[in-house]
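Undergrad: sequence first, then the predicted structure, then my questions.
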Amino acid sequence: ATAAGGFTYDPQGRRDPFVSLLQRGTDEETSAPTVRAPGLAGLGSSEVTLKGTLASRGGYVAILQGLDTKTYIVRPGEKLSDGTVRTITPDAVVILQRVKDPLSLDTQREVRKTLRQTEEAK
């Protein structure tokens, strides 16, 4: 099928062979830089580091540090740009991350951030 002197591809339910697989999971239409939400909601799960946990009424809270060098006190259920804090234990936080890869069967995965323990020299 030609349109205006060129070729148009009709996928008929198949993958377009002319689209690169190296860009899986990204939207090509959103090539313009996006404005991030302020605070924790603008950070992804790969952009935060667990710095500590504290016992609180009814459970634990986590101290996360983002790439913006700010620290955030978070509780289970709080949102990040790509997921939600699921559970907090004395030495880890589990984030339920949304997967945006169209070729993946899973739409979510668990990301575990552990507290780095440093051994003291004796």
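TA: Yep, that arrived.
Undergrad: for the residue lying closest to Thr84 once chain neighbours are set aside, phi and psi?
TA: The shortest distance from Thr84 to any residue other than its chain neighbours is 5.2 Å, reached at Leu96 (CB to CB, 6 or more residues apart in numbering). To be clear about C-beta, it is placed using only N, CA and C from the backbone, and glycine gets the same treatment. Backbone dihedrals for Leu96, given as degrees, to the nearest 10, come out at phi -90, psi 100.
Undergrad: distance of the residue nearest to the spatial centre of the chain relative to Asp101?
TA: For the chain, the residue nearest the mean C-alpha position is Asp82 (3.7 Å; CA atoms, centre = their mean). Using CB to CB, to the nearest Å, Asp82 is found at 12 Å from Asp101.
Undergrad: can you check Ser20 too?
TA: For Ser20, the distance to Asp101 - CB to CB - is 14 Å.
Undergrad: same deal with Gly6?
TA: Gly6 is 30 Å from Asp101, by CB to CB.
Undergrad: wait, Tyr60 sits on Val85?
TA: No: with contact defined as CB atoms under 8 Å, Tyr60 does not count as touching Val85 (10.7 Å).
Undergrad: quick one: which of the two has more around it?
TA: Per other CB atoms under 10 Å, whichever of Tyr60 and Val85 has more neighbours is Val85, with 23 against 17.
Undergrad: per-residue pLDDT of that one, please?
TA: pLDDT, Val85: 96.
Undergrad: so it sits in a helix?
TA: No: counting by DSSP: H, G, I helix; E, B strand; the rest coil, Val85 is not found in a helix; it is strand.
Undergrad: about what we covered before: and Ser20 and Asp101? Which one has more around it.
TA: More neighbours surround Asp101 than the other of Ser20 and Asp101, with 11 against 8 (other CB under 10 Å).
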